[in-house]
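Peer 1: need coordinates for the below:
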Amino acid sequence: MKKYVITGGAGFIGSHIAEHLSAEGHQVIVLDSLRTGFEKNLEGLNVQFVNGDIRDKNLVEELVQDASGIFHLAALVSVPESLLRLDECIDINTIGTINILEAARKNNGCKVVLSSSAANYGNNPVLPKVETMIPEPMTPYAITKLDGEFYLKMYQDQWNVPTASLRYFNVFGPRQNPQSAYAAAVPIFINKALQNQPITIYGDGSQTRDFIYVKDVVKANILASQIGNETYNVALGYSTSILELAEKIIEITNSKSQIRFLEERSGDIKHSKADPSKFNDLGFKPGHSIESALEETIRFYHQELLK
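Peer 2: Residues are numbered from 1 along each chain as shown. Okay, the predicted model is just below:
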């Protein structure tokens, strides 16, 4: 049994990591300010929940003591909000990450796995995205995620703190919040389809995303906690159009929803696709196709609606 700390562990991805580690019998501490996370995401899990902030240096150091690893997901995660709250974004995402690294430095061998983002690639049209590309972050959110990657590398080089950074592409699955002002397409589309409501697509739906199921992202985090010390793309490595996504969801749910097209939103990236071979070469193999992952996710939201 090992001790792990998950920052942002009451959030969508973090709670799935907590579920996996606690099921394996590890001691799991979840640190979350509940800014975007929910305590109900941890219901039924054998974890210690601490309502606190990664900016609280003393609290972080106290919780990380004797930990084998830290899964660092806590962040100001909304891109639009990062533009409105620049100081807060830097404070949480950059200074908070340094607090995590400082705590890890005081615990020999404690590995830090950072949840980073494909947003670091910016609007560069070159596909697929490969880790050696020059980053072109366009928002405070992306810039602070890139800062985090550099700080992890620095702590590794300067003080031998084991680290790895994971650049997620479009993650989806159960417990993703469809009610958020910045909610992702998948939970919104599923909720609309289950209620036979119109599904809105901005633009013509030809824009593509590299979707990956949350349970495969958990698998990626567990692997990164054991092996690898660089920055890695976490994705399936192929793209699905937004129109195709909506049509798949309507088909699986047997929905009567109609698709409505609105003007495309300015600033939206047209196409996204990763080259995940660097991480795959370490042994990462996603276990879910888009279809099987959508079916599992739809079952979850169907149960939520029945409640």
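Peer 1: how about the strands of the stretch 101-250 of the chain, start to end?
Peer 2: 111-117, 163-168, 170-172, 199-202, 208-209, 211-213, 231-234, 240-241 (DSSP state E, counting those that start in this stretch).
Peer 1: the fourth one pairs with which strands?
Peer 2: Strand pairing for strand 199-202, determined by DSSP bridges: strand 259-262 (parallel).
Peer 1: what residues sit buried inside the strand it pairs with?
Peer 2: Applying a neighbour-count criterion of 16 or more other Cβ atoms under 10 Å, the buried positions in strand 259-262 are residue 259. For glycine as for every other residue, the C-beta is placed from the backbone atoms N, C-alpha and C.
Peer 1: from the chain's centre, how far out does it sit?
Peer 2: Centroid displacement of strand 259-262 relative to its chain, using Cα atoms, centre = their mean, to the nearest Å, is 27 Å.
Peer 1: now residue 300: which helix or strand?
Peer 2: Using DSSP states H and E, residue 300 falls within helix 290-306.
Peer 1: by contact count, what packs against that helix?
Peer 2: helix 185-194, strand 211-213, helix 242-253 (3 or more Cβ pairs under 8 Å, 6 or more residues apart in numbering; DSSP states H and E).
Peer 1: make JSON lines out of these and add distance to residue 81, mean pLDDT and mean neighbour count.
Peer 2: JSON lines is the format used below for those (distance: least, Cβ to Cβ, whole Å; pLDDT from 0 to 100; neighbours: other Cβ atoms under 10 Å):
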{"stretch": "helix 185-194", "distance to residue 81": "18", "mean pLDDT": "97", "mean neighbour count": "23"}
{"stretch": "strand 211-213", "distance to residue 81": "23", "mean pLDDT": "97", "mean neighbour count": "25"}
{"stretch": "helix 242-253", "distance to residue 81": "23", "mean pLDDT": "98", "mean neighbour count": "19"}
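Peer 1: I'd like the strands of the stretch 101-250 of the chain laid out as CSV, including distance to residue 289.
Peer 2: Shown next, in CSV, are these (distance: least, Cβ to Cβ, whole Å):
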stretch, distance to residue 289
strand 111-117, 23
strand 163-168, 18
strand 170-172, 13
strand 199-202, 21
strand 208-209, 15
strand 211-213, 9
strand 231-234, 16
strand 240-241, 11
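Peer 1: just for the stretch 101-250 of the chain, where's the confidence low?
Peer 2: The stretch 101-250 of the chain contains residues with pLDDT under 70 at 181-182.
Peer 1: for this protein, longest helix please?
Peer 2: helix 140-159 (DSSP state H).
Peer 1: list of residues touching that helix?
Peer 2: The set of residues external to helix 140-159 that reach it, using Cβ atoms under 8 Å, 6 or more residues apart in numbering, is 72, 75-79, 82-83, 86, 89-90, 93-94, 97-98, 101, 104-105, 112, 114, 116-117, 119-120, 122, 135, 137, 161-165, 229, 231.
Peer 1: put the alpha carbons of that helix into PDB.
Peer 2: What follows is helix 140-159 as a C-alpha-only set of coordinates in PDB (Å, rounded to 0.1, in the frame of the first residue of the first chain):
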ATOM      1  CA  PRO A 140      -3.200  32.500 -19.500                       C
ATOM      2  CA  TYR A 141      -4.500  29.000 -18.900                       C
ATOM      3  CA  ALA A 142      -2.300  27.500 -21.500                       C
ATOM      4  CA  ILE A 143       0.700  29.600 -20.600                       C
ATOM      5  CA  THR A 144       0.500  28.500 -16.900                       C
ATOM      6  CA  LYS A 145       0.100  24.900 -17.900                       C
ATOM      7  CA  LEU A 146       3.300  25.200 -20.000                       C
ATOM      8  CA  ASP A 147       5.000  27.000 -17.000                       C
ATOM      9  CA  GLY A 148       4.100  23.900 -15.000                       C
ATOM     10  CA  GLU A 149       5.800  21.600 -17.500                       C
ATOM     11  CA  PHE A 150       9.000  23.800 -17.300                       C
ATOM     12  CA  TYR A 151       8.900  23.900 -13.500                       C
ATOM     13  CA  LEU A 152       8.600  20.100 -13.300                       C
ATOM     14  CA  LYS A 153      11.600  19.700 -15.600                       C
ATOM     15  CA  MET A 154      13.500  22.200 -13.500                       C
ATOM     16  CA  TYR A 155      12.800  20.500 -10.200                       C
ATOM     17  CA  GLN A 156      13.800  17.200 -11.900                       C
ATOM     18  CA  ASP A 157      17.100  18.600 -13.200                       C
ATOM     19  CA  GLN A 158      18.000  20.700 -10.100                       C
ATOM     20  CA  TRP A 159      16.800  18.500  -7.200                       C
END
